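Asks: Give me the fold of what follows.
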Amino acid sequence: MANNQANKGVVIDYDAIANQESFKALVRKKNSFLWSMTAIFLAAYMLLPILTSYTTVLHQKAFGEITWVWVYSAGLFIMTWGLCHLYVAKANNFDKEAKAIIAEYENGGGRR
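Replies: All right, here's what the predicted structure looks like:
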């Protein structure tokens, strides 16, 4: 897309786009989502070594000879896949909002 615009002689004022209120709102929403996901991911993963090293909570049997460590570890894989799917869905929404911001700029909404 950038190459097509460059070939047509279109000049994009990135500062104007960055100063649009809609762009700032998108950045805030995206950062909030990403930091939240990162915190959940890190907390869940860091909790495993803490619980196994300093407590015996996960050493108890859950099903037959399977301990809670295995259940928790399997849950981490499921959580990772779930967070990946959630991220892809949200990224698609962010892309739609970014296209709307570009359209707003192209229609004169972001020019000073």
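Asks: What does the pLDDT read for the residue of the chain most remote from its centre?
Replies: Most distant residue from the mean C-alpha position of the chain: Gly64, 37.6 Å away (Cα atoms, centre = their mean). Gly64 carries a pLDDT score of 92 in this model.
Asks: what are the phi and psi angles of it?
Replies: When read as degrees, to the nearest 10, the backbone of Gly64 gives phi 60, psi -120.
Asks: likewise Thr55?
Replies: Phi and psi for Thr55, reported as degrees, to the nearest 10, are phi -140, psi 170.
Asks: That one: how many residues sit nearby?
Replies: Residues within reach of Thr55, counting by other Cβ atoms under 10 Å, total 9. For glycine as for every other residue, the C-beta is placed from the backbone atoms N, C-alpha and C.
Asks: And for Leu34?
Replies: Count around Leu34 with other Cβ under 10 Å applied: 14.
Asks: any idea how far it is from Lys90?
Replies: 9 Å (Cβ to Cβ, to the nearest Å).
Asks: for Tyr72, same thing?
Replies: For Tyr72 relative to Lys90 (Cβ to Cβ), the value is 26 Å.
Asks: Could you report the pLDDT at the one residue sitting closest to the centre of the chain?
Replies: The C-alpha lying nearest the average C-alpha coordinate of the chain belongs to Leu34 (Cα atoms, centre = their mean; 3.9 Å). Looking at Leu34, its pLDDT stands at 96.
Asks: The one 4 residues further on now?
Replies: At Thr38, the predicted lDDT confidence score is 95.
Asks: now swap in Ile17 and tell me
Replies: Value for Ile17, per-residue pLDDT: 89.
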